[in-house]
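1. Sequence first, predicted model second:
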Amino acid sequence: MVGGYTGKILKVDLTREKVETKNLDMDFARKYIGGLGFGYRMLWDMVKPGLDPFLPENPLMFLLGPLNGIIPGKLVVVFKSPTTCGVGVAFASGQFQAELKFAGYDGIIFNGRADNPVCLYIKDDLVELRNARNLWGKTTHETEEALKKEMRDPLIRVASIGPAGEKQVYFASIICDKGKAAARMGAGTVMGSKNLKAVAVRGTQGVKIENLEEFNRLFKAAIQKSSYNWKRFGSTQFIARANYWLDAYPHKNWQKEYDPHVIRTCDGPALELKHFVRRKSCFNCVVHCDAVAVVRSGKYACVTEGPEHEHVAFLSGDVDMHNSDILIYGTLRCDELGLDVISTGSVIAFAKELYQRGILSKEEAEGLDLSWENEETVLTLMEKIAYREGNLGNLLAYGSKIASEKIGKGAKYYAIQCKGTEMGGHGIRSRLDWTRPITFATGLRGGNHNEAAFPLGQDILMTENLLVVCIFSNAAVRYELLPILNAVTGWNIPEEEYYKIGERVTNVGKAFMVREGFRREHDIIPERFFREPLPTGVAKGATVDRELFEKELDEYYEERGWDKKTSIPTSNKLRELNLEDIDSELEKYRGA
Ligand code: SF4
């Protein structure tokens, strides 16, 4: 077997309760590398156009790359998204991903739907579906503890859904290792639709490295580049920067992108002083970007893995909430309930703005005071959404796009989302952050801040998603990942080909979107960013220029080799990327 790979994929048919092990086709592996490369291609091959994401035929794939189990990595979960009806992608760092590799698998593909709640248990070659009726209704943390007890093994790694996934909240997450979320686009929603409560895994095997001496040399050099700020504050180091220097931090449902209160309460140093007690790390990572955070007393007393940038941006800035005890407790509850923190904070901010503008009345808010000043409503609404409680909880559980369509009365303008996915916490009006208007507009995953703006940037990030490495830990060594990949696999992939593979995978994902009906008009950002200049901050007065946006979009498609009118990849581009079969199928959509 080629180094880095186990050569085995588990296929789990939940309807028939059948598990089989398939050999990984190594020509396929060489063409798509792993992770999102496997995911997009298999999604294209397995999902019939127009499939309802809630149907059992929607595959749920847990995928790894050749560096998992070796350097700090992630799990990537791929599926058709309930929030966008396009590609669905969610990443989780932590230990689960490495454990799956140690058990001997490059991925798991779930299909079908179990009649009753089940859990998949893997211990190396022993793989079994177990009854999980006793776990249904439990939070993700309770589920993990119960499984460790049941299996009498404190070292198993668990990925599970909480009440939100069970109740089919559209932005439910999958939580690994009690706090590492595969959060976005409804990964937990699809898992819940399959009656799959959890996956528990324990592995005892190693991962082969072809050129160990070269790998050790490269990895040692990479470790030495890890940054002090990451070690001390994690991604909360960016809060002050995004807020004060870049005017690109969500505040009051993006009415502003500057929050004057955050520095005293919820940015990295403030949280460190009051709440962080020690640092924590994922598998084989020297960065330790996670904080263990505590609220020592009072009704929010808890211990949890500390908030990251997106937690602070959406449970503090966007909802205008500055009680750090509520922030820490809300971070914990989001994970326990199995909710995507970006979407959760966004829909709560959306509801608060509708209330501010009288679009949502006190009666429609079921007596809740949704004013910005009422900080506790963040927690109240979070619980209501997770359990789809009452009309309001049930409505917001659809996400801001669908909820705004149901509400009417102009609510759509206040739903800050792209393609149905709420936007990550990096603003675009100031043009000072690394995100750009067309980042969010053209991203295949909707409001995803991790898809960079221009083709080369997107393809570089894509290669990292094929390796499924942690961007936080590996940002400093971005350009040294290819030599590491070559040392591990024994391949000798030249740089040009490496980025072409990234481009190939982006085009497969794009082809999937085209087949699902996405065209140029869907590559758009929320109207607010065109119409409303930033009211405060260093970039006061800045807005997105519509003409410039359209021009940049033209240039983007041109550079990509996609048709400017429709955004469909041209035949030349797909053939250049050895995607002839996809090109033939897309032909019927061109000119349609
Ligand atoms: S940088 Fe942080 S999230 Fe990434 S692997 Fe290391 S500890 Fe985990």
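-> All right, it came through fine.

2. Which residues does the helix or strand harbouring residue 45 contact?
-> Element membership for residue 45 (DSSP states H and E) is helix 35-46. With Cβ atoms under 8 Å, 6 or more residues apart in numbering as the test, helix 35-46 has contacts from 28-29, 31-32, 59, 61, 63-65, 76, 78-80, 87, 89, 106-107, 109, 462, 465-468, 501, 504-505, 508-509, 511-512, 515, 582. The C-beta positions use only the backbone N, C-alpha and C, and glycine is treated the same way.

3. What about residue 167, how many residues nearby?
-> When neighbours are defined as other Cβ atoms under 10 Å, residue 167 has 21 of them.

4. Quick one: residues contacting the closest residue to residue 539 other than its chain neighbours.
-> The shortest distance from residue 539 to any non-neighbouring residue, by Cβ to Cβ, 6 or more residues apart in numbering, is to residue 430 (3.4 Å). When contacts are counted by Cβ under 8 Å, 6+ apart, residue 430 touches 246-248, 257, 534, 537-539, 542.

5. do the same with residue 160
-> Residue 160 neighbours (Cβ under 8 Å, 6+ apart): 135, 140, 143-144, 147, 174-175, 197-199, 338.

6. Kindly indicate which of the residues you listed lies nearest the ligand.
-> Nearest to the ligand out of the contacts of residue 160 is residue 175 (Cβ to the nearest ligand atom; 14.3 Å).

7. can you map out the helices along the stretch 251-400 of the chain?
-> 262-265, 268-274, 309-312, 324-337, 341-356, 377-386, 390-396, 400-407 (DSSP state H, counting those that start in this stretch).

8. do you know which of those helices lies nearest the ligand?
-> Across these, the ligand has its closest neighbour in helix 309-312 (11.7 Å, Cβ to the nearest ligand atom).

9. which residues sit against the closest one?
-> With contact meaning Cβ under 8 Å, 6+ apart, helix 309-312 is reached by 234-236, 238-239, 242, 262, 266-267, 271, 327, 330-331, 334, 341-342, 424-425.

10. so which of the residues you listed are also by the ligand?
-> Among these, no residue is within reach of the ligand (Cβ under 6 Å from any ligand atom).

11. low-scoring stretches of the stretch 401-550 of the chain, by residue?
-> The model of the stretch 401-550 of the chain has pLDDT under 70 over residues 452-456, 473-478.

12. Strands of that one, start to end?
-> 417-418, 421-422 (DSSP state E, counting those that start in this stretch).

13. Where does pLDDT dip in the stretch 51-200 of the chain?
-> For the stretch 51-200 of the chain, no range has pLDDT under 70.

14. what about 90?
-> 179 (pLDDT under 90).

15. Show me where it has its strands.
-> Going by DSSP E, counting those that start in this stretch, the stretch 51-200 of the chain shows strands at 60-63, 75-80, 87-92, 107-111, 118-123, 126-131, 157-160, 174-176, 180-182, 196-202.

16. Highest mean neighbour count out of those strands?
-> strand 174-176 (a mean of 31; mean count of other Cβ atoms under 10 Å).

17. Just checking: what are the partner strands of that one?
-> Sheet pairing for strand 174-176, assigned by DSSP bridges, gives strand 157-160 (antiparallel), strand 180-182 (antiparallel).

18. Let me have these in a markdown table, extended by distance to the ligand.
-> A markdown table is the format used below for these (distance: least, Cβ to the nearest ligand atom, whole Å):
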| stretch | distance to the ligand |
| --- | --- |
| strand 157-160 | 14 |
| strand 180-182 | 8 |
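
19. May I see the ones you listed arranged in CSV, with distance to residue 546 as well?
-> As requested, these are arranged in CSV below (distance: least, Cβ to Cβ, whole Å):
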stretch, distance to residue 546
strand 157-160, 42
strand 180-182, 35
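
20. Around residue 68, count how many other residues there are.
-> 31.

21. Which residue does the stretch 51-200 of the chain have closest to the ligand?
-> Closest point on the stretch 51-200 of the chain to the ligand, by Cβ to the nearest ligand atom, is residue 72, at 3.5 Å.

22. name the element residue 19 belongs to?
-> Residue 19 belongs to strand 18-23 when assigned by DSSP H and E.

23. buried residues in that strand?
-> residue 19 (16 or more other Cβ atoms under 10 Å).

24. Please name the strands paired to that strand in the sheet, noting orientation.
-> Strand pairing for strand 18-23, using DSSP bridges, gives strand 8-13 (antiparallel).

25. I'd like to know which of the strands of the stretch 401-550 of the chain is closest to the ligand.
-> Closest among the strands of the stretch 401-550 of the chain, using Cβ to the nearest ligand atom: strand 421-422, at 21.3 Å.

26. Contact partners for residue 134?
-> Residue 134 sits in contact with residue 146, where contact means Cβ under 8 Å, 6+ apart.
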